[in-house]
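Trainee: return atomic coordinates for the entry below.
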Amino acid sequence: MSAAAKHYDVIRKPIITEKTTMASENGAVVFEVAIDANKPSIKEAVEALFGVKVKAVNTTITKGKAKRFRGMMGKRKDVKKAYVTLEEGNTIDVSTGL
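Mentor: As a prediction, this is how the structure comes out:
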């Protein structure tokens, strides 16, 4: 497996919501990441894929909701988000696609 493939296993997709747009004004970008990813691996993946310097990584795990699927109770998957703060002068434009 190549190094780029390993990094794409860590970072799933960017998250674009009102809250993340407000965070981007402060130099932060939000990604959905693998549930078993840790902060150093997220930092390494972002720096390698986008060629930027990362200042800090904050993570949060959102528990999946209990929902009904065809009358049966089910559960959505848990989602881990990484709020990646970039060094001054570094930017990532997530609206254009990866």
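Trainee: so for this structure, the centremost residue is which one?
Mentor: What sits nearest the mean C-alpha location of the chain, by C-alpha atoms, centre = their mean, is Phe31, with 1.7 Å.
Trainee: contacts for the host helix or strand of it?
Mentor: Using DSSP states H and E, Phe31 sits in strand 28-33. Applying C-beta atoms under 8 Å, 6 or more residues apart in numbering, the contact partners of strand 28-33 are 10-15, 20, 23, 42, 46, 59, 79-86, 92, 94. Placement of C-beta: from N, CA and C, glycine included.
Trainee: for stretch 79-87, same thing?
Mentor: Residues from elsewhere that reach stretch 79-87 (C-beta under 8 Å, 6+ apart): 11, 15, 23, 26-35, 37, 39, 42-43, 46, 52-62, 64, 92.
Trainee: mean confidence score for it?
Mentor: Average pLDDT, stretch 79-87: 94.
Trainee: which other helices and strands contact the longest helix belonging to the chain?
Mentor: Selection of the longest helix in the chain by residue count, based on DSSP state H, yields helix 39-50. Contacts defined by 3 or more C-beta pairs under 8 Å, 6 or more residues apart in numbering; DSSP states H and E place helix 39-50 against helix 3-10, strand 11-14, strand 28-33, strand 54-62, strand 79-86.
Trainee: ranking these by mean pLDDT, which is last?
Mentor: Between these, the one with the least mean pLDDT is helix 3-10; it has a mean of 83.
Trainee: and the angle for that helix with helix 39-50?
Mentor: Angle between the axes of helix 3-10 and helix 39-50 is 120 degrees (criterion: axes from the mean of the first three to the mean of the last three C-alpha atoms, to 10 degrees).
Trainee: quick one: distance of helix 3-10 to the chain centre.
Mentor: 13 Å (C-alpha atoms, centre = their mean, to the nearest Å).
Trainee: before we move on, back to that, ok, the strand holding Phe31: who's next to it in the sheet?
Mentor: strand 11-14 (antiparallel), strand 79-86 (antiparallel) (DSSP bridges).
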